[in-house]
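Engineer: Sequence and computational prediction follow.
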Amino acid sequence: MADSRNTSRDALVLLLASALTVQVWAHGGEDHGDEKKSTPAPLAVAAVNTVNAQWQVTFIEPALRLPDGSVFVPKSAQRQLALRTQTAVKGEFPRTIELNGRVVGDPNAGGRVQTFQSGRIEAGPKGLAVLGQRVSKGQLLAWLQPASSAIERGSQQSALAELAAQESVLERRVARLRQLEGNVPQKDIEQAQIELAAFKKRKGVVGASLGREALVAPVSGVVSAANAVVGQVVDAREVVFEVIDPQRLAVEALAYDPLLLAGLAKASAPVAGGVLDLSFVGIGRTLKEQAMPVLFRVELPKAGELPALAVGQTLKVLAQTSERQSGVAIPVGAVVRNAANESVVWVHGSAERFISRKVRIAPLDGHTVAVTDGLSGGERVVVQGAASLSQIR
């Protein structure tokens, strides 16, 4: 049965090949008196490539680069390359400036955990906090055992024991006065109670100085830095943990020309995994690295989540100003580089022909650019698959 199927398939291939490669004679070869005999004109046809298991015939139509630099791409190849085009729109757009920036934490949604004194790090009931751990405000991250000499500890314990003895004497005095209530002035009883409460507070303060210091989270968020291990000895004011809210970040950019900052409104920053939308917050009036710091707040996307960011990460900020510029707006993915490292776009000239155009561009935001030279508007520009067209030879 399998041999008969293979034989039938081979016969079908031969039949199709012979039918498609036959030369068609356009009413030639017949004698009509004084008429000249017509020359047979063969028709160009595609060659059969393969026949699959479902007996479907597949044709190959290669994409070619033409002598004038344009490329011929058949419809079948266009579908394989997933080419998409879009009409270029000409108009007036905000002028954009590029600034170097870095990601910083929102000071209202982040904080540091520092030590008040030197000591040794000890783990809490659930261990030390680690990187990426989500914590809530007031949560214990670690213990700090204060560092003190034997003489200092002895002096503190002696003072605590003395306070405990005085507290015991005062408690007995208050108890006797209560028994004599009505026979002694009420003010004496109240004075003894006040002295007892004051000694209890004093004893508690001295006792706390002998105990461990609790290192707790200042805000709710995620641990972004952990600089502690069990048994580590740290100095006073040393940063042990840092906590940030990954949904509340900011970008600090540096502007070396203050004149360019007039009329800042919004900005964007392309990063791996997407584009950040930024809103302008303010400009610092104290130079930082010989430049004016500009603060932007990272806006949460309406759908999805923010791309992965890290505090201290550097990025390029595209800030829009109040000035206007004319150009043709196209997506960033439509601009590719040719062999000479020049910016080009591919224009859909006809159904199966694409033409490369050298262009000059100016960024608008992280999603689009403005073509200031090379396009007049109204052209069908390839916005998806442009890099594949550049590789056709």
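Structural biologist: Perfect, thanks for sending it. In this text, all values refer to a predicted model and were calculated from it rather than measured experimentally. Numbers count the residues shown, from 1 in each chain.
Engineer: Please give me every residue in contact with the closest residue to A225 other than its chain neighbours.
Structural biologist: Leaving out its chain neighbours, the residue that sits closest to A225 by Cβ to Cβ, 6 or more residues apart in numbering is E242, at 3.8 Å. Any C-beta I mention is one placed from the backbone N, CA and C, and that applies to glycine too. The neighbours of E242, taking Cβ atoms under 8 Å, 6 or more residues apart in numbering as the test, are G110, G111, R112, V113, V223, S224, A225.
Engineer: and the residues you listed, which are buried?
Structural biologist: G110, G111, V113, V223, S224, A225 (16 or more other Cβ atoms under 10 Å).
Engineer: Give the other helices and strands that the strand or helix carrying the fifth one contacts.
Structural biologist: Put plainly, it is S224. Per DSSP states H and E, S224 falls inside strand 221-226. Other helices and strands packing on strand 221-226, by 3 or more Cβ pairs under 8 Å, 6 or more residues apart in numbering; DSSP states H and E, are strand 134-135, strand 239-244.
Engineer: So which of those strands is the most surrounded?
Structural biologist: Mean neighbour count (mean count of other Cβ atoms under 10 Å) peaks for strand 239-244 among the helices and strands packed on strand 221-226, with a mean of 22.
Engineer: Pairing partners for the helix or strand just after that strand, with directions?
Structural biologist: Note on strand 239-244: by DSSP H and E, the next helix or strand toward the C-terminus is strand 249-255. According to DSSP bridges, strand 249-255 forms sheet pairs with strand 89-105 (antiparallel), strand 292-298 (antiparallel).
Engineer: out of those strands, nearest to E342?
Structural biologist: strand 89-105 (20.0 Å; Cβ to Cβ).
Engineer: Could you export that closest one as PDB, CA atoms only?
Structural biologist: This file holds the C-alpha atoms of strand 89-105, laid out as PDB (Å, rounded to 0.1, in the frame of the first residue of the first chain):
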ATOM      1  CA  VAL A  89       2.400  61.400   9.000                       C
ATOM      2  CA  LYS A  90       3.900  64.900   8.600                       C
ATOM      3  CA  GLY A  91       3.300  67.500  11.300                       C
ATOM      4  CA  GLU A  92       4.600  69.700  14.100                       C
ATOM      5  CA  PHE A  93       6.100  68.000  17.100                       C
ATOM      6  CA  PRO A  94       7.800  69.000  20.300                       C
ATOM      7  CA  ARG A  95      11.600  69.400  20.200                       C
ATOM      8  CA  THR A  96      13.300  66.800  22.300                       C
ATOM      9  CA  ILE A  97      16.600  67.000  24.100                       C
ATOM     10  CA  GLU A  98      18.700  64.000  25.300                       C
ATOM     11  CA  LEU A  99      19.900  63.900  28.900                       C
ATOM     12  CA  ASN A 100      22.000  61.300  30.800                       C
ATOM     13  CA  GLY A 101      20.200  60.000  33.800                       C
ATOM     14  CA  ARG A 102      20.100  57.300  36.400                       C
ATOM     15  CA  VAL A 103      17.400  55.600  38.400                       C
ATOM     16  CA  VAL A 104      16.900  56.700  42.000                       C
ATOM     17  CA  GLY A 105      14.500  55.700  44.700                       C
END
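Engineer: quick check, distance from it to the centre of its chain.
Structural biologist: 17 Å (Cα atoms, centre = their mean, to the nearest Å).
Engineer: buried sites along the helix ranked longest in the chain?
Structural biologist: Counting residues, the longest helix in the chain under DSSP state H turns out to be helix 150-179. Neighbour counts over helix 150-179 (16+ other Cβ under 10 Å) mark A159, L163, E167, L170, R173, V174, L177 as buried.
Engineer: out of those, which one sits closest to E379?
Structural biologist: A159 (86.9 Å).
Engineer: residues in contact with that closest one?
Structural biologist: Counting by Cβ under 8 Å, 6+ apart, A159 has contacts V206.
Engineer: And the pLDDT at it?
Structural biologist: A159 is assigned a pLDDT of 76 by the prediction.
Engineer: Next: F59.
Structural biologist: pLDDT for F59: 42.
Engineer: From what I see, S343 and A334 are in contact.
Structural biologist: No: the criterion here is Cβ atoms under 8 Å, and S343 misses it with A334 at 10.3 Å.
Engineer: centroid residue for the chain?
Structural biologist: The centroid of the chain falls nearest to P307 when counting by Cα atoms, centre = their mean (2.7 Å).
Engineer: part of a strand, is that one?
Structural biologist: No: counting by DSSP: H, G, I helix; E, B strand; the rest coil, P307 is located in no strand; its state is coil.
Engineer: Let me know how buried the nearest residue in space to it that is not next to it in sequence is, in neighbour terms.
Structural biologist: Distance criterion Cβ to Cβ, 6+ apart; nearest residue to P307, sequence neighbours excluded, is G273 at 3.7 Å. G273 has 11 neighbours, counted by other Cβ atoms under 10 Å.
Engineer: Tell me the spacing between G273 and R102.
Structural biologist: 17 Å (Cβ to Cβ, to the nearest Å).
Engineer: ok, now R324?
Structural biologist: 29 Å.
Engineer: more crowded one of these two?
Structural biologist: For R324 versus R102, the count of surrounding residues by other Cβ under 10 Å is larger for R102: 16 against 10.
Engineer: Okay then, goodbye and thanks.
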